[in-house]
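Enquirer: What follows is a predicted structure for the sequence shown.
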Amino acid sequence: MTDFFHDYLTVGAFIAFGALLGAAMLGLAALIRPSNPNRIKSESYECGIAPVGGGWSQTHIRYYVFALLFLIFDVEAIFLFPWATQIESLGGGPLAVMAAFIATLALGLVYAWRSGVLEWE
């Protein structure tokens, strides 16, 4: 067996051992934990205040859009780091591509701002 495959075998053994250990701990916890279900334990608990009304409430779509915008800009920012570490060796072509990429992100941010998505009311 080559060193290349031996390294993969080592990683696979660690993954298998971790999965086995996790399953064993969960199984042991299921065996030794107390189980006394009742109606009071099944109720919602919110900071010591008795729950009022149902557990379902509708959330405004604006919060989801705000979260998606954050996620998009956060993930896109990750693409800047590898490029920034190699900027001196890349030359002018990739610089123009990255400038277009950043301009597209800026246009998306301006559009979101002007359409009122970033308003937190």
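Expert: Yes, it's here.

Enquirer: what residues does stretch 22-38 touch?
Expert: By CB atoms under 8 Å, 6 or more residues apart in numbering, no surrounding residue is in contact with stretch 22-38. (C-beta placed from N, C-alpha, C; glycine too.)

Enquirer: Counting neighbours, show which residues of it come out buried.
Expert: Along stretch 22-38, not one residue counts as buried under the neighbour rule (16 or more other CB atoms under 10 Å).

Enquirer: now that stretch: mean pLDDT?
Expert: Taken as a whole, stretch 22-38 carries a mean pLDDT of 93.

Enquirer: do stretch 71-88 as well
Expert: Taken as a whole, stretch 71-88 has an average pLDDT of 81.

Enquirer: Tell me the gap between it and the middle of its chain.
Expert: 17 Å (CA atoms, centre = their mean, to the nearest Å).

Enquirer: Residue ranges of each domain in this protein, please.
Expert: As assigned by automatic domain parsing, the chain contains the domains 3-42, 61-114.

Enquirer: Let's check: the centremost residue of the chain is which one?
Expert: Among the residues of the chain, Leu71 comes closest to the average C-alpha position under CA atoms, centre = their mean, at 8.5 Å.

Enquirer: So it belongs to a helix, correct?
Expert: Yes: assessed with DSSP: H, G, I helix; E, B strand; the rest coil, Leu71 lies in a helix.

Enquirer: how far away is it from Met98?
Expert: 21 Å (CB to CB, to the nearest Å).

Enquirer: and what of Phe17?
Expert: 43 Å.

Enquirer: Same question for Tyr111.
Expert: 20 Å.
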